[in-house]
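Enquirer: need a 3D model of the following:
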Amino acid sequence: MVGMGKSGIAATQALLKLGALVTVQDIKKKEEVEPNLIQFLEGVGVKCYFGRKPDPADVYDMVVLSPGVPLYLDFIEEAKNKGAEIVGELEIAFRVGSGTYVAITGTNGKTTTTTLVGEIFKRAHRKTYVVGNIGVAVISRALIATKESWLVTEVSSFQLETTKSFHPFVSAILNITEDHMDRHISMENYISAKAEIFKNQDERDYTILNYDDMNCRELGQRAGCNVVYFSRKEELSVGCFLREGTIVVKAPSQKEIPVLPASELLIPGDHNIENALAATAIAFFSGIHPDVIGETLKQFAGVEHRLEFVEEIDGIRFVNDSKGTNPDSSIKAVEAMPPGIVLIAGGYDKGGDFEGLIDSFAGKVKGLVLLGKTAEKMKDTAENKGFDNIKMVKDMDEGVRMAYEMASRGDTVLLSPACASWDMYSNFEQRGEHFKTLVHKLAN
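Expert: Got it, this is the predicted structure:
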């Protein structure tokens, strides 16, 4: 088992229960690992390689990778050459567990859409587990699931790279824009990784694709299952779309069914209308009544760290969009906010291009506060495009105070970094929590 994050620990526990002889490896040194975890692993006879590669003499039948682990590490290649099967936790969960899978991927909107679909399924009284990249290891629920269970699963391109037999009943690709180029190298590779989600689906299954996103639309030609599109911009003959501002859904040879006026959604922004359209299509083609879908959409208030209102101080609104981990996601956040934005951005560089983000500032963003490893790169891009109201800060503490000073009554201080968090935080959740703590401290 390579990688001792949430999914790695859960997979290790499950494999031990199934009777496997397990070795674990993690880039962290032993002193950086939680002592209780080490005590547990050593207590059940697990061989541990912390901060070092496994012994070349070791031979494995299977190597299970955590989502963030690259496939091309030399000891993984060596194990593969010796006959080991290379898979991920999602694949293991599918093989050993029970239940029907709904799998959702995309560059942006995965967590919001996955959470929303989970709420719809629960309101429909289906036994539902919301799992995957959302923070709950799939295998931890797959082993307790029954044939009647539904596993609504957020899946990343990293997870999809290591699937072989994974077969959801309904899959969805919400959008595909440039992201993780440090890992996938090219857009072609990234798109192909996303397309793995429907590779095992057949004529009994459905894939839900974004008609407005050309990368997604073209993937429909590759799918061997029923292809259903959703669209915010165009009316479709089959699928889920807007008609006169109302979300409607239509199956082949059936009449259109109105679900909910988009104006009644609580989650802001055009991108969240797209998330609602996708969730509606997923639920409807999973057999859930449109009334149940509409009731859930009307009450869904969103997900933490996604355009989350934190507090208003002296007429200045503070919004936490720490999940904005790539430029396209932050563009959507800027578009969803009213003019008068002071944007806090920057972080770990995944190889993205920030020109589109700066272009989205026109008439909306009045000030830019930058931190992290990408700060200089973003500053250069902004200045080259004529935007120069920029402040460079060393950390989030200084960033929040600086943004507050730059803002005026009626403005919004928006944390939407357009970058991953790994240069300063363990994950985007930790970054968002720190931002919220600093804002509350500022208020007091």
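Enquirer: Asn320 and Ala407: what is the separation?
Expert: 15 Å (C-beta to C-beta, to the nearest Å). Just so you know, the C-beta spots here come from the backbone N, C-alpha and C atoms, and that holds for glycine as well.
Enquirer: if you could redo that for Gly68, that was the one I meant.
Expert: Taken as C-beta to C-beta, the span from Gly68 to Ala407 is 35 Å.
Enquirer: more neighbours, these two?
Expert: Ala407 (23 against 16; other C-beta atoms under 10 Å).
Enquirer: show the model's pLDDT score for the more buried one.
Expert: Ala407 carries a pLDDT value of 97.
Enquirer: hmm, Gly367 and it touching each other?
Expert: Yes - the criterion here is C-beta atoms under 8 Å, and Ala407 meets it with Gly367 at 7.3 Å.
Enquirer: does Ala382 really touch Ser360, like I thought?
Expert: No - in this structure, Ala382 is not within contact of Ser360 by C-beta under 8 Å, at 11.5 Å.
Enquirer: these two: which is more packed in?
Expert: The residue with more neighbours, out of Ala382 and Ser360, is Ala382; 22 against 19, by other C-beta under 10 Å.
Enquirer: in three-state terms, label that one for me.
Expert: Secondary structure assignment for Ala382 (DSSP: H, G, I helix; E, B strand; the rest coil): helix.
Enquirer: pLDDT weak spots in the stretch 101-250 of the chain?
Expert: 178-185 (pLDDT under 70).
Enquirer: where do the strands sit along it?
Expert: For the stretch 101-250 of the chain, strands defined by DSSP state E, counting those that start in this stretch occupy the ranges 128-132, 150-154, 170-173, 206-210, 226-231, 239-243, 246-250.
Enquirer: got JSON lines for those, with distance to Thr111 and mean neighbour count too?
Expert: Below are the strands of the stretch 101-250 of the chain laid out as JSON lines (distance: least, C-beta to C-beta, whole Å; neighbours: other C-beta atoms under 10 Å):
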{"stretch": "strand 128-132", "distance to Thr111": "10", "mean neighbour count": "25"}
{"stretch": "strand 150-154", "distance to Thr111": "6", "mean neighbour count": "28"}
{"stretch": "strand 170-173", "distance to Thr111": "13", "mean neighbour count": "29"}
{"stretch": "strand 206-210", "distance to Thr111": "16", "mean neighbour count": "26"}
{"stretch": "strand 226-231", "distance to Thr111": "18", "mean neighbour count": "22"}
{"stretch": "strand 239-243", "distance to Thr111": "20", "mean neighbour count": "22"}
{"stretch": "strand 246-250", "distance to Thr111": "20", "mean neighbour count": "22"}
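Enquirer: I'd like the ones you listed as TSV, with distance to Ile344 appended.
Expert: Formatted as TSV, these follow (distance: least, C-beta to C-beta, whole Å):
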stretch	distance to Ile344
strand 128-132	28
strand 150-154	26
strand 170-173	30
strand 206-210	29
strand 226-231	32
strand 239-243	32
strand 246-250	33
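Enquirer: domain ranges for this protein?
Expert: As assigned by automatic domain parsing, the chain contains the domains 6-83, 91-299, 308-443.
Enquirer: and the first one, end to end?
Expert: Okay, so that is domain 6-83. 27 Å (C-alpha to C-alpha, to the nearest Å).
Enquirer: now stretch 58-78
Expert: By C-alpha to C-alpha, one end of stretch 58-78 lies 10 Å from the other end.
Enquirer: likewise stretch 100-116?
Expert: Start-to-end, stretch 100-116 (C-alpha to C-alpha) is 17 Å.
Enquirer: do stretch 233-244 as well
Expert: From its first residue to its last, stretch 233-244 covers 11 Å (C-alpha to C-alpha).
Enquirer: residues in contact with that stretch?
Expert: 211-212, 228-232, 247-252, 256, 258, 262, 273, 277-278, 280-281, 284 (C-beta atoms under 8 Å, 6 or more residues apart in numbering).
Enquirer: please repeat the previous calculation with a cut-off of 7 Å.
Expert: Stretch 233-244 is touched from outside by 211-212, 228-232, 247-252, 256, 262, 277, 280-281, with contacts defined as C-beta atoms under 7 Å, 6 or more residues apart in numbering.
Enquirer: which neighbours do Ala407 and Gly367 have in common?
Expert: The contact sets of Ala407 and Gly367 overlap at Val342 (C-beta under 7 Å, 6+ apart).
Enquirer: may I have the residues that are in contact with the spatially most central residue of the chain?
Expert: By C-alpha atoms, centre = their mean, the mean C-alpha position of the chain lies nearest to Lys110, the distance being 4.5 Å. By C-beta under 7 Å, 6+ apart, the contact set of Lys110 is 104, 133, 154, 174.
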